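Participant: A structural model of the following input is requested.
(chains A and B)
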Amino acid sequence: AQSVTQLDSHVSVSEGTPVLLRCNYSSSYSPSLFWYVQHPNKGLQLLLKYTSAATLVKGINGFEAEFKKSETSFHLTKPSAHMSDAAEYFCVVKGTGGFKTIFGAGTRLFVKA
Amino acid sequence: ETGVTQTPRHLVMGMTNKKSLKCEQHLGHNAMYWYKQSAKKPLELMFVYNFKEQTENNSVPSRFSPECPNSSHLFLHLHTLQPEDSALYLCASSQPTAGRTEAFFGQGTRLTVV
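Facilitator: Residues are numbered from 1 along each chain as shown, chains lettered A, B, ... in the order given. This is a model prediction of the structure:
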């Protein structure tokens, strides 16, 4: 069985400070993991993905995530937040055994000036 | 621009109307999906099509009727909807291989049922 938990429903940071969005997963198989971003009234855009290559994955817009199997985590980070990063972020797990894709509940990121 | 286009972007319809949402992709993908995104709820997968065949229907009410005439196009036909069906409807596509491929999403259709 697979599941994904985003540990914070919302996170607030000041512009220029680091961002940490937390995601834990559960999967019976070696999973693929993704982070998507959704700006208001827009579709979901892929930020980055982990597919069993390097455990530190770099994505677009300065975001990166580290796959930690021992902690079953895939947290999303960015060294310095920008106002344009304010959006909702979804952690997604996908098993290798089929088409099942599980979305987390989302974390809304607020960026203060 | 993700390569997945949804029309219309916004739709307001009465409960007795019939309307259709359209999704189009030219990414060469063979899997297409409909998702429903309601306020304060997780994203809900509605339907999955692989090579034009429906492979998943997550207990969606029959007032939602999907159609996939070819691998590039996906429709969602709507009739006698309820106000609680108001939501953002997202279409996505991917390669149908199990595992390590990501989905590409359209911008969504914001549906309001009055």
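
Participant: make it CA atoms for all contacts and neighbour counts henceforth
Facilitator: OK.

Participant: can you list contacts of stretch B:103-113?
Facilitator: With contacts defined as CA atoms under 8 Å, 6 or more residues apart in numbering or on different chains, stretch B:103-113 is touched by A:41-46, B:2-15, B:21, B:23, B:81-95.

Participant: Sorry, slip of the keys, the one I care about is stretch A:17-26.
Facilitator: With CA under 8 Å, 6+ apart, stretch A:17-26 has contacts from A:1-8, A:11, A:13, A:71-81, A:91, A:93, A:107.

Participant: If we use 7 Å, what do you get?
Facilitator: Contact with stretch A:17-26 is made by A:2-8, A:13, A:72-81, A:91, as judged by CA atoms under 7 Å, 6 or more residues apart in numbering or on different chains.

Participant: Now do the contacts for the nearest residue to B:His79 once chain neighbours are set aside.
Facilitator: Nearest non-adjacent residue to B:His79, counting by CA to CA, 6 or more residues apart in numbering or on different chains: B:Lys18, 4.5 Å away. Neighbour list for B:Lys18: B:Leu78, B:His79, B:Thr80 [criterion: CA under 7 Å, 6+ apart].

Participant: Run through the residues that contact the last one.
Facilitator: Contact analysis of B:Thr80 by CA under 7 Å, 6+ apart lists B:Met15, B:Thr16, B:Asn17, B:Lys18, B:Arg63.

Participant: The first one too?
Facilitator: B:Leu78 is in contact with B:Lys18, B:Lys19, B:Ser20, B:Arg63, B:Phe64, B:Ser65, counting by CA under 7 Å, 6+ apart.

Participant: From B:Leu81, how far out is the fourth one?
Facilitator: This points to B:Arg63. B:Arg63 is 6 Å from B:Leu81, where distance means CA to CA, to the nearest Å.

Participant: out of these two, which sits in the busier spot?
Facilitator: B:Leu81 (22 against 15; other CA atoms under 10 Å in any protein chain shown).

Participant: Looks like that one contacts B:Lys19 (just checking).
Facilitator: No: checked against CA atoms under 7 Å, the pair B:Leu81 and B:Lys19 is beyond contact range at 9.9 Å.

Participant: Grab the nearest non-local neighbour of the residue positioned nearest the centre of chain B.
Facilitator: Closest to where the C-alpha atoms of chain B average out (CA atoms, centre = their mean) is B:Trp34, at 2.8 Å. Nearest residue to B:Trp34, sequence neighbours excluded (CA to CA, 6+ apart): B:Cys91, at 4.7 Å.

Participant: next one: A:Pro79
Facilitator: A:Pro18 is the one closest to A:Pro79 (CA to CA, 6+ apart), at 4.5 Å.
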